[in-house]
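J.: Task: produce atomic coordinates for the following.
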Amino acid sequence: MEEGVGINILEAESISRQDVVQLRKKIYTSQEEKENLEKEVERLSQAVKRTRDPVKIKDEYQEMGIILWLLGRVKEAAEALEEVKSRKSASYYLGRCYQELGEYEKALDYLEKTKREGVEEFDLEMDIVETKRKAGMHKEALKRVEQLSKTHGEEAELHYQWGCCLEDMGEYQEAVAHHEKALVLNPEHASALFRLAFNYDLEGEDDKAVEYYERCRALNPTFTNVLVNLGTLYEDRGDYGKAVSCFETVLRADPNHSRAALYLKDAKDSLDMYYDEEKIRARDKESEILSIPISDFELSVRSKNCLERMNIRTLRDLTLVTEQDLLSYKNFGETSLNEIKGMLSQKGLRLGQAVEDTAELKALSMESGDEILSRPISTLELSARSTKALEKMGAGTIGELISRTEEEFLSQKNFRKWYLDEIKEKLGQYGLSLKEKAEK
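T.: A predicted model of the protein is given here:
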């Protein structure tokens, strides 16, 4: 096997939590490391079939089982390790496998077999405490933690397990105190950070929850639940970009994570809606600018008189005429033209702008009625919210859209008035309108 993993996983002594953490860190932070281990599993699988030496076969089964467990392929790992369950190191990992599979009785049996007579192995004791706690043996787990506190009172993991035992028994304030103590002893204790974040999340203290989730996320490996819960909180706070990032990170590691996929879709929809609202605000601001009367600007008398005679009263009117239109008017010269162009430039506008923007619409309006009506509603370039509302109503084409009345739209649950205003405006650009309400 390649030496990237960092320790000899065949050694019975190498079963400490620190070793496990380091192993999993390497795998979760290095795609290359993960790929190497996947290849190693395949090599060992083939080697087992070819090897005739009984001792070597056991070595290969043990190594393959531990690697499978590290890769998260727990059921396969248990099957491989069952072949060498008499070995203490294999028995330990088999216990961890069954713990993760929820078979706590088997897990306890194998973890207890791993203990060496006359030796107190703290890491192993913590695994046994955790398994008993998950099996519902809360009082037994708590009793063992209290006993170990006499000799290991400054261990962060002990206080974390202590806090979990108290949580299971409904003693939440005391539980939080022990989780906080765990972080004092080890500020990077990921499990304690997660439990505190989760508890604050349940209590509605979002700021504290986000703080602890973010601290937990900064560690490697990051729990999937951290990213899912943090993404949900970000979405609640309107930080849709951050929410999308969390859910996408989960799906990169696990493309089949159904909750992350669902939440990602919602977050992206919300992000689109956010930008649509920004566009609407920008459009409203632009409309306000276009409505500014020409009289508000200090133009020369000649320019003002010419514009008045041409019935040009607002900046919008100027965007509807071209330079040629102005220059073709009597007494309108280059000096007046440059003056007006400068005025428009100050507001981010230009002569003929509206003419250019509607060129495509004019071309479309030349199509036959059937061609326009068969076009999808996406042609209207509506906001995401309006589009989604129409899809729910089954309006997929412009023809289906104009077959409905205003009353039909407004009678739909959560259909906003501004959706309707936007739809009517877009249809008007094509010379279309919604169906009139039938008279009784």
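J.: just the helices in the stretch 151-300 of the chain please.
T.: 156-168, 172-185, 190-202, 206-217, 224-236, 240-253, 258-290 (DSSP state H, counting those that start in this stretch).
J.: Helix, strand or coil: sort out Lys330 for me.
T.: With DSSP: H, G, I helix; E, B strand; the rest coil as the basis, the three-state label of Lys330 is coil.
J.: still on that earlier bit, so which of the helices of the stretch 151-300 of the chain is the most surrounded?
T.: Comparing the helices of the stretch 151-300 of the chain by mean neighbour count (mean count of other Cβ atoms under 10 Å), helix 156-168 comes out on top with a mean of 24. Glycine gets a C-beta too; all of them are placed from N, C-alpha and C.
J.: who touches that one?
T.: With contact meaning Cβ atoms under 8 Å, 6 or more residues apart in numbering, helix 156-168 is reached by 17, 122-123, 126, 129-130, 133, 138, 141-142, 145-146, 148-149, 152, 172, 174-179, 181-183, 185-186, 189, 191-192, 195, 199.
J.: that older thread, need the helices of the stretch 151-300 of the chain in TSV with distance to Thr319 and mean pLDDT, can you?
T.: Formatted as TSV, these follow (distance: least, Cβ to Cβ, whole Å; pLDDT from 0 to 100):
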stretch	distance to Thr319	mean pLDDT
helix 156-168	65	94
helix 172-185	61	94
helix 190-202	51	90
helix 206-217	46	92
helix 224-236	39	88
helix 240-253	34	86
helix 258-290	7	69
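J.: got CSV for those helices, with distance to Leu410 too?
T.: Formatted as CSV, those follow (distance: least, Cβ to Cβ, whole Å):
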stretch, distance to Leu410
helix 156-168, 49
helix 172-185, 47
helix 190-202, 38
helix 206-217, 35
helix 224-236, 28
helix 240-253, 28
helix 258-290, 19
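J.: Mean confidence (pLDDT) on stretch 375-390, please.
T.: For stretch 375-390, mean pLDDT rounds to 74.
J.: ugh, typo on my part, it should be stretch 99-111
T.: pLDDT averaged over stretch 99-111 gives 93.
J.: ok, and what's touching it?
T.: Residues from elsewhere that reach stretch 99-111, judged by Cβ under 8 Å, 6+ apart: 74-75, 78, 85, 91-92, 94-98, 124, 127-128, 130-132, 134-135.
J.: Likewise for stretch 392-408?
T.: Contacting residues not belonging to stretch 392-408 are listed as 372-377, 379-380, 390, 409, 412, 420, 423, 427, 430, 432-438 [Cβ under 8 Å, 6+ apart].
J.: And for stretch 294-314?
T.: Stretch 294-314 is contacted by residues 290-293, 315, 317-318, 321, 326, 329, 331-332, 335-336, 339-340, 343 when judged by Cβ under 8 Å, 6+ apart.
J.: Pull out the buried members of those.
T.: 290, 315, 317-318, 321, 326, 332, 336, 340, 343 (16 or more other Cβ atoms under 10 Å).
J.: Model confidence for Gly170, exactly?
T.: 88.
J.: Does Lys424 touch Ser433 like I think?
T.: Yes: with contact defined as Cβ atoms under 8 Å, Lys424 reaches Ser433; the gap is 7.1 Å.
J.: The two: which is more packed in?
T.: When Lys424 and Ser433 are compared for neighbours, Lys424 comes out ahead with 14 against 11, by other Cβ atoms under 10 Å.
J.: Reduced to three states, what does that one come out as?
T.: Criterion first, three-state DSSP; result for Lys424: helix.
J.: Contacts only, for it.
T.: Per Cβ under 8 Å, 6+ apart, neighbours of Lys424: 433-434.
J.: Please tell me how far the closest residue in space to Ser191 that isn't next to it in sequence sits from Asp109.
T.: Setting aside the residues directly before and after it, Ser191 is nearest to Tyr160 in space (Cβ to Cβ, 6 or more residues apart in numbering), at 5.5 Å. To Asp109, Tyr160 is 24 Å away according to Cβ to Cβ, to the nearest Å.
J.: residues in contact with the closest residue in space to Leu227 that isn't next to it in sequence?
T.: Closest residue in space to Leu227, ignoring its immediate chain neighbours: Cys246 at 4.5 Å, by Cβ to Cβ, 6+ apart. Each residue near Cys246 by Cβ under 8 Å, 6+ apart is listed here: 227-228, 230-231, 234.
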